[in-house]
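K.L.:
What shape does this take:
(2 chains)
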There are 2 protein chains.
Amino acid sequence: MVIAIIGVGLIGGSMAITLKEKGLASRVIGVDLREANLQKALELGIIDEAASLEKAMQHATLIVPAIPVDALLQLLPTILDNAKPHHVIMDVGSTKQQILQLVAGHANRGRFVAAHPMAGTEYSGPEAAIPNLFTNRTMVLCDVKNSDEDALELVETVVEALQMRLVYMNAEEHDLHTAYVSHISHITSFALALTVLKKEKEQGRIFELASGGFESTVRLAKSSPDMWVPIFKHNRNNVLDVLEEHIHQLEQMKKLLVEEDYDTFYKLIQKSNKIRKILK
Amino acid sequence: MVIAIIGVGLIGGSMAITLKEKGLASRVIGVDLREANLQKALELGIIDEAASLEKAMQHATLIVPAIPVDALLQLLPTILDNAKPHHVIMDVGSTKQQILQLVAGHANRGRFVAAHPMAGTEYSGPEAAIPNLFTNRTMVLCDVKNSDEDALELVETVVEALQMRLVYMNAEEHDLHTAYVSHISHITSFALALTVLKKEKEQGRIFELASGGFESTVRLAKSSPDMWVPIFKHNRNNVLDVLEEHIHQLEQMKKLLVEEDYDTFYKLIQKSNKIRKILK
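P.N.:
Numbers count the residues shown, from 1 in each chain, chains lettered A, B, ... in the order given. Alright, predicted model coming up:
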């Protein structure tokens, strides 16, 4: 099967690598607005050729736009307008409600399968693409009742080749849950980085002491604004809800420190320790 | 050299393992209020024998209290009261100002070296002790001008055997910097865990989607309140300062989302990306 990857970055590139490795992709055509990305992807052997979207759609069966969610809102209608009955379009976007509302009435809606691989790193671009990025991670497929059966089956084959666990959800659930287990982690990391960078200017030396705990909570602050601002924009209401709750929790801890109520603080930490049952 | 480890947990136990491995410790005596910890540490071969503090001080040269900082405040004066001129006492506590104020005038102050290894995991107890916990991490020694020269030299030998980078600071600097690169990361993680656990009750399923980013920001929420409440207590003023700044940053992000000012949000993320220059 010929696969067109639109946006040859971390996610699109990693998918290309794995699907070729597994033999599911006989040929990968890369489409990208940035010529430099295409050159790099060719050099790294991630794609077999670079082409325009039009050209890519002439040859490919599976079309994977792997671009920020705001760019996807612009591009997906065009792709669907030009989709033929043998095409399957599978996105990888981190938010789902807006995009699915947009294409809800489209004549070729059935050719589209809304997918979100819960995998990534804080890096971006084709040089960030790696094998096994998706292994044992979760792939969420949304509102699959609106996809054609054969399109869904093809995407499920892709998910299997990527060695991912499959979860089905509606778009609303998806956007709510990702706000809690992904989007807020990024907001927190960005804010933590800003907090510490600000203090560093006054104090210097702070980072001599940075250890594993700091690195793990701040790592996500290296993530690209090109990807994340559109996500926060699309999932604004859910992100605001969880952000308010998070600020509330921090305010509560602050209050306990101000009042020196360490017994209640102790109980709060014990309660938060219950996260052990969820994380390994 | 015979070493007494008081509190045979993650830090004390890991130190025992490495110092024996490197040949610096000929024998390790474990002291612990919890009989179960001693039994476990004996079973695991982390310590060679279990004894009372008094007995341990009769045989050991180096005495390492590796206990929560509030327990250290209670115990250190007793240890110094009974210290002989050949004894060296080295702590591993995460805060330094209170403990150093407490022993400032003590006749045997010179035998004490205030140390803080910037290393750890979210686990605790002797079964959490591991080799190489300290490798390439930073050891901070505080106010070393108040330690006897030979005591300091012995501790520097220990630091070398642990393969740690050495940083000297005064206690005030230390407590300020650790608030920023360690304590706030834990507060944030605890609060994030509480936020998500609360929502989970209402929604369920949230954790099906938890991916690497979530795990890394919430991992620290598994940390023990026995260790962390005393740290927040001892470093209350610094922790409150940084917590206020962190809440301020989150409030700012919330405001930008409410106002849908995505351009400024973009710039903020770009600014936070500068953390790249500090983290690898």
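
K.L.:
For the stretch 101-250 of chain A, which segments count as helices?
P.N.:
A:149-161, A:171-178, A:184-203, A:212-218, A:225-234, A:236-258 (DSSP state H, counting those that start in this stretch).

K.L.:
In CSV: these, plus mean neighbour count.
P.N.:
In short, each C-beta sits where N, CA and C put it, glycine included. Shown next, in CSV, are these (neighbours: other C-beta atoms under 10 Å in any protein chain shown):
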stretch, mean neighbour count
helix A:149-161, 17
helix A:171-178, 22
helix A:184-203, 22
helix A:212-218, 23
helix A:225-234, 22
helix A:236-258, 18
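
K.L.:
and those helices as a markdown table, adding mean pLDDT and distance to residue B:145?
P.N.:
Shown next, in a markdown table, are those (pLDDT from 0 to 100; distance: least, C-beta to C-beta, whole Å):
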| stretch | mean pLDDT | distance to residue B:145 |
| --- | --- | --- |
| helix A:149-161 | 98 | 62 |
| helix A:171-178 | 94 | 53 |
| helix A:184-203 | 88 | 21 |
| helix A:212-218 | 86 | 28 |
| helix A:225-234 | 96 | 46 |
| helix A:236-258 | 96 | 32 |
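
K.L.:
Output these in CSV; the columns should cover distance to chain B.
P.N.:
Output for the helices of the stretch 101-250 of chain A, formatted as CSV (distance: least, C-beta to the nearest C-beta, whole Å):
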stretch, distance to chain B
helix A:149-161, 15
helix A:171-178, 5
helix A:184-203, 4
helix A:212-218, 4
helix A:225-234, 4
helix A:236-258, 4
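
K.L.:
Mind putting these into CSV with distance to residue A:40?
P.N.:
Shown next, in CSV, are the helices of the stretch 101-250 of chain A (distance: least, C-beta to C-beta, whole Å):
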stretch, distance to residue A:40
helix A:149-161, 24
helix A:171-178, 29
helix A:184-203, 25
helix A:212-218, 27
helix A:225-234, 16
helix A:236-258, 32
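
K.L.:
Residue B:40: which of the ones you listed is closest?
P.N.:
Of all those, it is helix A:212-218 that lies closest to residue B:40, at 24.2 Å by C-beta to C-beta.

K.L.:
What are the contacting residues of that closest one?
P.N.:
A:188-189, A:192-193, A:196, B:119-121, B:137, B:181-182, B:185-186, B:188-189, B:216-217, B:219-220, B:275, B:279 (C-beta atoms under 8 Å, 6 or more residues apart in numbering or on different chains).

K.L.:
Could you check how many residues crowd around residue A:55?
P.N.:
Using other C-beta atoms under 10 Å in any protein chain shown, residue A:55 has 14 neighbouring residues.

K.L.:
For it, which non-adjacent residue is closest in space?
P.N.:
residue A:29 (7.6 Å; C-beta to C-beta, 6 or more residues apart in numbering or on different chains).

K.L.:
List the contacts of that neighbour.
P.N.:
Residue A:29 makes contact with A:2-5, A:47-51, A:55-56, A:59-60, according to C-beta under 8 Å, 6+ apart.

K.L.:
count of residues packed around the nearest residue to residue A:222 once chain neighbours are set aside?
P.N.:
The shortest distance from residue A:222 to any residue other than its chain neighbours is 4.1 Å, reached at residue A:122 (C-beta to C-beta, 6+ apart). For residue A:122, the tally of surrounding residues (other C-beta under 10 Å) stands at 22.

K.L.:
With the one 3 residues further on instead?
P.N.:
By the measure other C-beta under 10 Å, the count of residues near residue A:125 is 16.

K.L.:
about what we covered before: and the residue nearest to residue A:55, what element?
P.N.:
Using DSSP states H and E, residue A:29 sits in strand A:27-31.

K.L.:
So which residue is smack in the middle of chain A?
P.N.:
When C-alpha atoms, centre = their mean is applied to chain A, the residue found nearest the centroid is residue A:94 (4.4 Å).

K.L.:
Specify the local secondary structure of that residue.
P.N.:
coil (DSSP: H, G, I helix; E, B strand; the rest coil).
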